[in-house]
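Visitor: Just the structure for this:
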Amino acid sequence: MSHDGGNASGDFCQTLNSVDIKSGWTDMVCIKNKAQIWTFDGLMAIKKRLPFPLKGIDSDNGAEFINHHLYKYCNKNDICFTRTRSSKKNDNCYIEEKNNTAIRGYVGYLRYDTPEQMKLVNELYPNLRFLWNYFQPLMKLKSKTRIGSKIIKKYDEPKTPFERIVEYKNIDKDIKANLNETFKQLNPFGLKRNIDRIQSKIINMPYYKKRSIV
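Guide: Next up, the predicted model:
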């Protein structure tokens, strides 16, 4: 996701977002730009933080993902590498949904193009990861039926990604124990205070004030 602030000239920061389809586990990192090197480094950072092994990547169709470097890495590490629908505006609905709720809703639409701004955004994201994965319930679509001109959708019981993962039988017990221990140490009110504090820093940076247009 681009942080160009409506001005696509020059280099500006990008957010690399990832969503596990089965659990809804979300992770993100802000990178310098869409160059392959930064995208790959961002993917590796996310991979290390995932509470479960990375078995597959379903990327969009940009050159930052569709390249020999990432393809060779996935082949070497037995990671299934697929791409989303080409020539479609909403090419990855799972990511597009989270881009709006989990990122734009907190980071906004400003232009971020300095190391200081990127650092602050990356200070914000750990708080968002904990808040969304441990405290934000989500519903998964169970069925969709068309009756005449209407579509009837049925959803399962709302659960957080954390709750879904610890319920899966094929998840290692040590992973579940680590997740439960992390959950015990988290304070959602403290996370929200951290988010508000960092957001205020980002918005009030002198660089932003210099470039704002009223």
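Visitor: mind checking pLDDT for residue 23?
Guide: Looking at residue 23, its pLDDT is 92.
Visitor: For residue 158, give me its contacts.
Guide: Contact analysis of residue 158 by CB atoms under 8 Å, 6 or more residues apart in numbering lists 137, 138, 139. (Glycine included, C-beta is placed from N, CA and C.)
Visitor: Any chance of the backbone angles for the closest residue to the first one other than its chain neighbours?
Guide: Going back to what we said before, that points to residue 137. Leaving aside its chain neighbours, residue 137 sits nearest to residue 158 (3.8 Å; criterion: CB to CB, 6 or more residues apart in numbering). For residue 158, the backbone dihedrals (degrees, to the nearest 10) come out as phi -60, psi 130.
Visitor: Relative to residue 181, how far out is residue 158?
Guide: Remark: distance between residue 158 and residue 181 (CB to CB, to the nearest Å) = 24 Å.
Visitor: Show me what counts as buried in the longest helix belonging to the chain.
Guide: The longest helix of the chain (DSSP state H) is helix 115-135. Across helix 115-135, burial judged by 16 or more other CB atoms under 10 Å covers 117-118, 120-135.
Visitor: Then stretch 196-209?
Guide: Of the residues in stretch 196-209, 198, 199, 202, 205, 208 count as buried by neighbour count, 16+ other CB under 10 Å.
Visitor: which residues touch the first one?
Guide: Residue 198 makes contact with 120, 123, 124, 127, according to CB under 8 Å, 6+ apart.
Visitor: Wait, a helix at it?
Guide: Yes: assigned with DSSP: H, G, I helix; E, B strand; the rest coil, residue 198 falls within a helix.
Visitor: tell me the pLDDT at it?
Guide: Residue 198 is assigned 94 on the pLDDT scale.
Visitor: so which pair among the contacts of residue 198 is furthest apart in space?
Guide: The distance between the two most remote of those (CB to CB) is 11.8 Å, for 120 and 127.
Visitor: and residue 12, what is it in contact with?
Guide: With CB under 8 Å, 6+ apart, residue 12 has these contacts: 2, 3, 4, 5, 33, 111, 112, 113.
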